[in-house]
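Colleague: The sequence and its predicted three-dimensional model are supplied below.
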Protein chains: 2
Amino acid sequence: MSNSPTIKDVAAKANVSVATVSRVLNGLSGFSVETEKKVREAMASLGYQYNAIARNLKMKKTNTIAVLIPRVETTFYLNILNGIEDAANDQNYSMMVCHVGISGSRTREYIKMLTERQVDGIIGCSLPPDEGIDKLIAESGVPCVLVSTLSTRYSIPYIRVDDCEAAYAATSYLIAKGHKSIAMLAGTKDDVVAGKLRLEGYQKALADHRLPMDEELIEYTGFSYETGLQAARKLLKSQKKFTGIVACCDEVAVAAIMAAYESGLSVPEDFSIIGYDNTRTAEMAIPPLTTVSQPLYEMGKRAFQMLTGLLENGIRPESEIMPFEIVERKSVRQV
Amino acid sequence: MSNSPTIKDVAAKANVSVATVSRVLNGLSGFSVETEKKVREAMASLGYQYNAIARNLKMKKTNTIAVLIPRVETTFYLNILNGIEDAANDQNYSMMVCHVGISGSRTREYIKMLTERQVDGIIGCSLPPDEGIDKLIAESGVPCVLVSTLSTRYSIPYIRVDDCEAAYAATSYLIAKGHKSIAMLAGTKDDVVAGKLRLEGYQKALADHRLPMDEELIEYTGFSYETGLQAARKLLKSQKKFTGIVACCDEVAVAAIMAAYESGLSVPEDFSIIGYDNTRTAEMAIPPLTTVSQPLYEMGKRAFQMLTGLLENGIRPESEIMPFEIVERKSVRQV
DNA sequence: CCCTGCAACGTAATCGTTTACTGTAATTAA
DNA sequence: TTAATTACAGTAAACGATTACGTTGCAGGG
């Protein structure tokens, strides 16, 4: 099997130099129409395939970015990925998806691999807080922007919604619907944004509306369906009274609905619940889930733009706070 | 900002040749322990970073594969991706995820980009049948294996379950539960495997059990929740009587449950339903969905192994049929 | 008629690796 | 003692592009 032809072969066949071939290939100036025709014919007749690796080496640029996500099981990242990919495609970038694991365990080796492969930039999605992933990224020197999270120690630009405010709004929504005893399925204590901030918003809303706060109505669930289900079962088995639940994410909210189903309760008749994220999971739940909507697709798109702004124009991106909204469906009732 | 150091710099600092540096870098033989120490110290003190692009160029191998998926919105691909990624990681491959669109519209440009970027291989997941994507792949010459689909015109190796048999089993399961009038939410007519074969399985099961087949109980739904919902509503609004539904995938099954919910019906009291795929969607549905389970994670893993077997040892992979099983949950009742 | 300027190319260095050849000294076998 | 082998290491040519710089020829101005 013969090797695939290079610009050298094309040049030979067309009786021009490699420089000229390169020039027509890249749409530069410096050749006549006849020359272009010759070159294009030579390319066609040889079945020439462009080799981007050689270009990458010479140009020290790969037009590739990596997206780091902790989990692939959840639909949460899909919209973000979608947004990133659409934007990347527009600008001729490729996207590598790196599943770094919920504990960030694979991150170290991934970052190493990515720097070796000379990716131009990294987008980190809601990275787990524990392992100092931000440190690894910062030290690698690869340009990065964060989505739906932030770094407390390093000034990596981020894009996210104000989680505290959003959780405040979600809680206030329940209160406005007449709920006075509201539980929270909180994520994890150590997750700075999705855990801590959302919990704070919940607590602040209760305080501002002069509702009592009961520590036993707060259950730490993680952000997955499985862990959420455990916690929700526990909450329901405790004899605590409540009429509303604020969940840290849609999956956990659905887990709570499932726990209700298991014990013969139903939503919103027996209790109301509001989710967070507005993923497809929320839409497909029964009953359809009222939830806080994050503009995930837009956030992904914007993150990519911030990154390329940095890469190609050297603009140090400003972090951005995106708007959220509450989408009303069927999981909350007026009491 | 100084350029990052290369093996040349390392060689200079350690007073050896680049060949030697390369040798210690790759763990080959041909150097003494003292030399190795010198080299490693030089690398450390310079903060040397390996450049994989240069290697890729020289070796004509990128250790990168691309995974083509039609949609990113669904959870169906997540398990497959997970399997592929785990296997890839083990063997030091990177994975690029390419969202080619449900109509395969972006495939042409993607294939071009991928060949330019010299990916070593492609894994195609349940590619849409219409656009001759298999043709594009075959013509590109990039080694490929297919997951959960097949190519009728080109002999691209595939790995999938026997969709006809699985749909037959699903339908038979309903029949065994006493259902005599069974509808099907079929995918699309032109999808060779997930559409046509599953429909055939359904029809064959009815025939073998001497149940009448009613064309009006077959509704073509596509494979998404949204299109499934439309079709399910239509089926429920028609005055056709049935007690069971075979769905072409979990998302469509959940859509049917939603349609039931909308019209005040409930599952499995008013009708039973069995899904297909056993994605997380099935597990999280209310009621939890009885469904045909495909070993998606394993299939992804296996697909990668087949691909590398081809790439690294030149073994032309044999297509494989994977086993399925029916996982019983709560969406089917005995009549 | 000479000089300038520009369009249209070609030459060759370069990007950072790998590795086929060599070369040398030390070790081993005979 | 000598020839053969081995361990250790260096030289330089690839890999397939890009591009700075140089060259040529010709049009037009003076």
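Modeller: That came through, no problem.
Colleague: next one: stretch A:74-83 to chain centre, how far?
Modeller: 6 Å (Cα atoms, centre = their mean, to the nearest Å).
Colleague: Buried ones in it, by neighbour count?
Modeller: Neighbour counts over stretch A:74-83 (16 or more other Cβ atoms under 10 Å in any protein chain shown) mark A:Thr74, A:Thr75, A:Phe76, A:Tyr77, A:Leu78, A:Asn79, A:Ile80, A:Leu81, A:Asn82, A:Gly83 as buried. C-beta here means a position set from N, CA and C on the backbone, and glycine is covered the same way.
Colleague: contacting residues for whatever residue of the stretch 151-300 of chain A ends up closest to DNA strand D?
Modeller: The stretch 151-300 of chain A approaches DNA strand D most closely through A:Pro157 (28.0 Å), counting by Cβ to the nearest atom of the strand. Applying Cβ atoms under 8 Å, 6 or more residues apart in numbering or on different chains, we find A:Pro157 in contact with A:Cys144, A:Val145, A:Leu146, A:Met306, A:Leu310, A:Arg316, A:Pro317, A:Glu318, A:Ser319.
Colleague: ok, A:Lys38 touching A:Val21?
Modeller: No. Judged on Cβ atoms under 8 Å, A:Lys38 makes no contact with A:Val21 at a distance of 9.9 Å.
Colleague: which neighbours do the two share?
Modeller: Shared contacts of A:Lys38 and A:Val21, defined by Cβ under 8 Å, 6+ apart, comprise A:Ala14.
Colleague: out of the two, which sits in the busier spot?
Modeller: Of the pair A:Lys38 and A:Val21, A:Val21 is the one with more neighbours under other Cβ atoms under 10 Å in any protein chain shown, namely 27 against 20.
Colleague: Give me the distance from the lowest-mean-pLDDT helix or strand in chain A to the chain's centre.
Modeller: The helix or strand of chain A with the lowest confidence, counting by mean pLDDT, DSSP states H and E, is helix A:133-140 at a mean of 87. Distance, stretch centre to chain centre, for helix A:133-140: 18 Å (Cα atoms, centre = their mean).
Colleague: could you check whether that helix is close to chain B?
Modeller: No. On the criterion Cβ under 8 Å from any Cβ of the partner chain, helix A:133-140 is out of touch with chain B, staying 8.9 Å away.
Colleague: Flag every buried residue along the helix or strand just after that helix.
Modeller: The helix or strand immediately downstream of helix A:133-140 is strand A:144-147, counting by DSSP states H and E. Judged by neighbour count using 16+ other Cβ under 10 Å, the buried positions of strand A:144-147 are A:Cys144, A:Val145, A:Leu146, A:Val147.
Colleague: Can you pull out the residues in contact with the next helix or strand after strand A:144-147?
Modeller: The C-terminal neighbour of strand A:144-147 among helices and strands, as given by DSSP H and E, is strand A:158-161. Outside strand A:158-161, the residues that touch it by Cβ under 8 Å, 6+ apart are A:145-151, A:193, A:294-295, A:299, A:302-303, A:306, A:319-324.
Colleague: circling back: could the contacts of A:Pro157 go into JSON lines alongside distance to DNA strand C and pLDDT?
Modeller: Putting these into JSON lines (distance: Cβ to the nearest atom of the strand, whole Å; pLDDT from 0 to 100) gives the following:
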{"residue": "A:Cys144", "distance to DNA strand C": "21", "pLDDT": "95"}
{"residue": "A:Val145", "distance to DNA strand C": "25", "pLDDT": "95"}
{"residue": "A:Leu146", "distance to DNA strand C": "28", "pLDDT": "95"}
{"residue": "A:Met306", "distance to DNA strand C": "27", "pLDDT": "96"}
{"residue": "A:Leu310", "distance to DNA strand C": "21", "pLDDT": "93"}
{"residue": "A:Arg316", "distance to DNA strand C": "24", "pLDDT": "87"}
{"residue": "A:Pro317", "distance to DNA strand C": "26", "pLDDT": "89"}
{"residue": "A:Glu318", "distance to DNA strand C": "31", "pLDDT": "93"}
{"residue": "A:Ser319", "distance to DNA strand C": "32", "pLDDT": "95"}
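Colleague: Can you convert those into a markdown table and add a column each for distance to A:Cys164?
Modeller: Putting the contacts of A:Pro157 into a markdown table (distance: Cβ to Cβ, whole Å) gives the following:
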| residue | distance to A:Cys164 |
| --- | --- |
| A:Cys144 | 24 |
| A:Val145 | 21 |
| A:Leu146 | 17 |
| A:Met306 | 22 |
| A:Leu310 | 27 |
| A:Arg316 | 26 |
| A:Pro317 | 22 |
| A:Glu318 | 20 |
| A:Ser319 | 15 |
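Colleague: Go through the residues you listed and say which is closest to A:Pro128.
Modeller: A:Leu146 (12.4 Å; Cβ to Cβ).
Colleague: give the contact list for the closest one.
Modeller: Contact analysis of A:Leu146 by Cβ under 8 Å, 6+ apart lists A:Ile123, A:Gly124, A:Cys125, A:Leu127, A:Asp134, A:Ile156, A:Pro157, A:Tyr158, A:Ile159, A:Arg160, A:Ala303.
Colleague: Scan the residues you listed and report the most crowded one.
Modeller: A:Ala303 (31 neighbours).
Colleague: quick one: which helix or strand includes that residue?
Modeller: If you go by DSSP H and E, A:Ala303 is part of helix A:296-313.
Colleague: Keep only the buried residues of stretch A:74-83 that also lie close to chain B.
Modeller: Okay, of the buried residues of stretch A:74-83 touching chain B (Cβ under 8 Å from any Cβ), that's A:Thr75, A:Leu78, A:Asn79, A:Leu81, A:Asn82.
Colleague: so what pLDDT did the residue of the stretch 51-200 of chain A found nearest DNA strand C get?
Modeller: Per Cβ to the nearest atom of the strand, A:Lys58 is where the stretch 51-200 of chain A lies closest to DNA strand C, at 3.5 Å. Note for A:Lys58: predicted pLDDT of 96.
Colleague: Point out the other helices and strands that the helix or strand harbouring it packs with.
Modeller: Taking DSSP H and E as the criterion, A:Lys58 maps to helix A:52-59. Secondary-structure packing of helix A:52-59 (3 or more Cβ pairs under 8 Å, 6 or more residues apart in numbering or on different chains; DSSP states H and E): helix B:52-59.
Colleague: so does the host helix or strand of A:Ile122 get close to chain B?
Modeller: Per DSSP H and E: A:Ile122 is located in strand A:121-125. No. Judged by Cβ under 8 Å from any Cβ, strand A:121-125 stays clear of chain B, getting no closer than 13.5 Å.
Colleague: Show me what that strand is packed against.
Modeller: Judged by 3+ Cβ pairs under 8 Å, 6+ apart, strand A:121-125 is in contact with strand A:64-69, helix A:76-90, helix A:133-140, strand A:144-147, helix A:296-313.
Colleague: before we move on, the earlier item: drop anything exposed from the contacts of strand A:158-161.
Modeller: Neighbour counting by 16+ other Cβ under 10 Å classes A:145-151, A:193, A:294-295, A:299, A:302-303, A:306, A:322, A:324 among the contacts of strand A:158-161 as buried.
Colleague: A:Gly101: which of the residues you listed is nearest?
Modeller: A:Thr149 (15.3 Å).
Colleague: quick one on the thing from earlier: now the contacts of A:Leu146 in CSV, with distance to B:Ile69?
Modeller: What follows is the contacts of A:Leu146, written out as CSV (distance: Cβ to Cβ, whole Å):
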residue, distance to B:Ile69
A:Ile123, 19
A:Gly124, 22
A:Cys125, 18
A:Leu127, 24
A:Asp134, 30
A:Ile156, 29
A:Pro157, 30
A:Tyr158, 28
A:Ile159, 25
A:Arg160, 27
A:Ala303, 21
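Colleague: For the residue in the stretch 101-250 of chain A positioned nearest to chain B, which residues are in contact?
Modeller: In the stretch 101-250 of chain A, the residue found nearest to chain B is A:Glu116; the distance is 4.3 Å by Cβ to the nearest Cβ. A:Glu116 sits next to B:Gln49, B:Tyr50, B:Asn51, B:Ala52 when contact means Cβ under 8 Å, 6+ apart.
Colleague: For chain A, list the residues in contact with DNA strand D, please.
Modeller: Neighbours of DNA strand D within chain A, by Cβ under 7 Å from any atom of the strand: A:3-4, A:6-8, A:18-19, A:22-23, A:25-26, A:50-51, A:53-55, A:57-59.
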